[in-house]
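**Q** 3D model of this:
(chains A and B)
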Amino acid sequence: MEVGGFRIPEEVVRIREGIRSMRIRGAGNIARNGALALAIAAERFTGEDLGAFLRYMEVVADYVRSARPTAVSLPNAVSYVMSRLERSKPTSVEEGRRAVVESSKEFIEYSENAVRLIGELGARRIEQGDVLMTHCHSTVAVSVIATASRQGKVERVYVKETRPAFQGLITARELAREGIDVVLIPDSAVRYYMKKVDKVVVGADTIAANGAVVNKIGTSVVALVAKEARVRFYVASETYKFSPYTILGELVPIEVRDPKEVVDPSWLAENPNVRVLNPVFDVTPPEYVDAIITERGVIPPQLAALILIEQYGVKLLDAYPAHRSWELRVDSE
Amino acid sequence: MDCSKALEGYLRVLGDVSEARVPGSTEAALRLVHALAEVLSYCGSDVPRLLPQLVGRALQARPGSQTVRSILQLFLGKVLELLASSEEGSLRNEPVGRAVAEVLKYVEGVREAIAEIGSRRVEAGDTVMTYSYSTTVLRILERAAKRGADFEVYVAESRPIAEGRLMASALSRLDLKTTLVVDSAVRYVMKKVSKVFVGAEAIAANGAVVSKVGTSVVALVAKEARVRFYVAAGLYKFSPETVFGDLVVIEELESPELVVPQDRLGEVALFLGRSIRTRTPLYDVTPPEYVDAVITERGLIAPQVVFYFAREFLSTQSPYVSVEKLAEEVARLWR
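**A** Okay, here's the model as predicted:
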């Protein structure tokens, strides 16, 4: 594969394709794979021309980033590595390569640690005998539930099938391996079973500056149904899923995917006049979220902006002129 | 056709109804009536022995379905009436055939009235959402389109079974602009929707509506978005037992094939039936406060007064006796 005059290594192409086709799922997993792809790309670079290496890394970074336009963790992971490459001010390809490989490893470790930390913090929110519900598949949500289960607190988990791709099956299997009692239900039965549930734990794809949670389609339905039943609704999320763009007022784009994920091609052929709309994510408003469990602590969703400011260098400008309220700017580092 | 064939056919319909393979509650009830009429026509002297049992199994096939209960009651009531007035030894096929025709005529009249009333609620520029499959809702929308109202329709799949897909096919054949979404996408699209129309399986004394599982989710999501939520239901769907405090029974199936697609079974096969179980209710209950109106053959009414209007339907069943009693009575008179 040739991009921008550079040959992209086969493994990097494969990782990008895996992210694009959703074979590689879960924001944390996507982020770690993104960082890994950069390390592989750096290792595969041949030649001693530093300028070429830096241009090549930029091309690879853009190429990896473009795999999923909506996954914030991917550009955050890529930025994590690339900004450290820039700051290392390499004087040779070898130094540059080392900066990429080391910061990639560092990010992967931080990320894996985050999963464990979130599991521990989240498990404190689970009480003895709790019946839980979850939607889709999220490594961090599974971490919270599994950690609480190892502490003997989880009675049962209702896992929603999560159409169209049935990621609920992955969650069901992972929880079953932990010896947890799992009840797999259709998405439509969410309100029917909510009365039996004590707490909902879900993951997130992206978290906006106002605390709105972008996650797999149907998450906002679970949140609303939980609210109605006065069931606590927790979102488990690493901070690199917080979107710096949204603090600039940008909306989070919702990807709409191929109808063939919902119905067979034969069904589409038989029903040429039916439009099949397949949005991948929906937005859960912050007022439906009791707390976001991050590796930095359990926070109210409205604190998302603060995390962005403290952790990722997003800055608010002073009000100027006086009658204009305020402007925002992302620190480019 | 002979008795064993008729019985075989009846059992097949029972299976289809119990696993909700027949879309639409009234459709399911009518399918049962037709199959039962065949048994009555071909099983002659075996009828007294078979009938109470067959009727009992029909009620178990769709527990909680007032539609099945009421339609069977209507049918057996007619059969009883005609049997009582026919001469002994005269061919029984004739009263059975007439009873079927009368039930069909009754249901058709109800649907016609509901289509007429309901279609007036569909305005030009509307975006309608519906859920699962309902012949009555289909009729309302067909009538509205014929009136010249320009509107489009969103349908959710309605898993398990996904009758929503059948509904989408049927709507698109009416030349309506139709969009199919997964059940999880109902809140995503609700902002674009102006009205929701759904069918019902039963209506309880307090106005709570029993429908395909997921209907109550759509109702809640509509409420949140301030979208009107209409239930189209003949008054025969009112459940009189609930007046006496009975709860509507909702059966939960433990059928993995309803939740896990065949080609994905491998992923959970190791744990299925042990640490992973599947549970699938076929219906859920929508509280009356989420329902803006019930569209009945007598008009558009609040869910809380369905009881009052349904008394009229119940009074035509005089003297009011249960389906089970009616079946025994028909069996007794069947000579």
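**Q** from the chain's centroid, how far away is stretch A:256-271?
**A** The gap between the average C-alpha position of stretch A:256-271 and the chain average comes to 27 Å, counting by C-alpha atoms, centre = their mean, to the nearest Å.
**Q** quick check: closest non-adjacent residue to residue 199.
**A** Defaulting to chain A. residue A:232 (4.7 Å; C-beta to C-beta, 6 or more residues apart in numbering or on different chains). For the C-beta atoms, the positions are set from N, CA and C on the backbone; glycine is no exception.
**Q** that's the wrong chain, I meant chain B
**A** residue B:134 (2.9 Å).
**Q** can you map out the helices along chain A?
**A** For chain A, the helices defined by DSSP state H cover A:10-20, A:27-44, A:50-65, A:73-87, A:93-123, A:139-150, A:168-177, A:190-194, A:219-228, A:265-270, A:304-312.
**Q** quick check: buried residues in the fourth one?
**A** In other words, helix A:73-87. For helix A:73-87, burial by neighbour count (16 or more other C-beta atoms under 10 Å in any protein chain shown) applies to A:73, A:74, A:75, A:76, A:77, A:78, A:79, A:80, A:81, A:82, A:84, A:85.
**Q** between these, which is closest to chain B?
**A** Distances from chain B to these, taken as C-beta to the nearest C-beta, are shortest for residue A:73 (21.8 Å).
**Q** let's have the helices of chain A in CSV, adding mean pLDDT and distance to residue A:284.
**A** Putting the helices of chain A into CSV (pLDDT from 0 to 100; distance: least, C-beta to C-beta, whole Å) gives the following:
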stretch, mean pLDDT, distance to residue A:284
helix A:10-20, 95, 23
helix A:27-44, 94, 15
helix A:50-65, 95, 25
helix A:73-87, 87, 17
helix A:93-123, 95, 17
helix A:139-150, 97, 14
helix A:168-177, 97, 18
helix A:190-194, 98, 14
helix A:219-228, 98, 4
helix A:265-270, 96, 30
helix A:304-312, 76, 13
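**Q** now those as TSV including distance to residue B:313?
**A** Compiled in TSV, the helices of chain A are given as follows (distance: least, C-beta to C-beta, whole Å):
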stretch	distance to residue B:313
helix A:10-20	58
helix A:27-44	55
helix A:50-65	64
helix A:73-87	59
helix A:93-123	54
helix A:139-150	49
helix A:168-177	42
helix A:190-194	29
helix A:219-228	33
helix A:265-270	39
helix A:304-312	55
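**Q** chain B contacts on the stretch 201-333 of chain A?
**A** For the stretch 201-333 of chain A, the residues found near chain B under the criterion C-beta under 8 Å from any C-beta of the partner chain are A:216-218, A:220-221, A:224-225, A:228, A:254, A:262-263, A:267, A:270-271, A:273-279, A:282.
**Q** now the buried members of the residues you listed.
**A** When neighbours are counted using 16+ other C-beta under 10 Å, those contain these buried positions: A:216-218, A:220-221, A:224-225, A:228, A:262-263, A:267, A:271, A:274-279, A:282.
**Q** just to revisit the earlier point, tell me which of the buried residues of helix A:73-87 is nearest to residue B:287?
**A** Of all the buried residues of helix A:73-87, the one with the least separation from residue B:287 (C-beta to C-beta) is residue A:73, at 39.4 Å.
**Q** just want the residue of the stretch 201-333 of chain A that's nearest chain B.
**A** Counting by C-beta to the nearest C-beta, the stretch 201-333 of chain A gets nearest chain B through residue A:218, at 2.6 Å.
**Q** what's the residue lying closest to that residue once chain neighbours are set aside in contact with, if anything?
**A** If you skip the residues right next to it in sequence, residue A:218 has residue B:184 as its closest partner in space, 2.6 Å away by C-beta to C-beta, 6+ apart. Each residue near residue B:184 by C-beta atoms under 8 Å, 6 or more residues apart in numbering or on different chains is listed here: A:162, A:163, A:187, A:216, A:217, A:218, A:221, A:282.
**Q** and what of residue B:260?
**A** So residue B:260 contacts A:161, A:166, A:169, A:184, B:268, B:272, B:278 (C-beta under 8 Å, 6+ apart).
**Q** with residue B:3 instead?
**A** With contacts defined as C-beta under 8 Å, 6+ apart, residue B:3 is in contact with B:39, B:42, B:43, B:44, B:46.
**Q** redo that, cut-off 6 Å
**A** Residue B:3 makes contact with B:42, B:43, according to C-beta atoms under 6 Å, 6 or more residues apart in numbering or on different chains.
**Q** ok, back up a step: show me the contacts for the residue of the stretch 201-333 of chain A closest to chain B.
**A** Applying C-beta under 6 Å, 6+ apart to residue A:218 gives the contacts A:135, A:187, B:184.
**Q** TSV for those, including pLDDT and distance to residue A:293?
**A** As requested, the contacts of residue A:218 are exported to TSV (pLDDT from 0 to 100; distance: C-beta to C-beta, whole Å):
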residue	pLDDT	distance to residue A:293
A:135	98	15
A:187	98	23
B:184	98	23
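**Q** with distance to residue B:261 as added columns, please give the residues you listed in a markdown table.
**A** As requested, these are exported to a markdown table (distance: C-beta to C-beta, whole Å):
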| residue | distance to residue B:261 |
| --- | --- |
| A:135 | 18 |
| A:187 | 14 |
| B:184 | 16 |
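**Q** any residues touching the one helix or strand in chain B whose mean pLDDT sits lowest, and which ones?
**A** Each helix and strand of chain B was given a mean pLDDT (mean pLDDT, DSSP states H and E); the minimum falls on helix B:306-316 at a mean of 82. Under the contact criterion C-beta under 6 Å, 6+ apart, helix B:306-316 has outside partners B:203, B:205, B:207, B:235, B:236, B:238, B:240, B:294, B:298, B:320.
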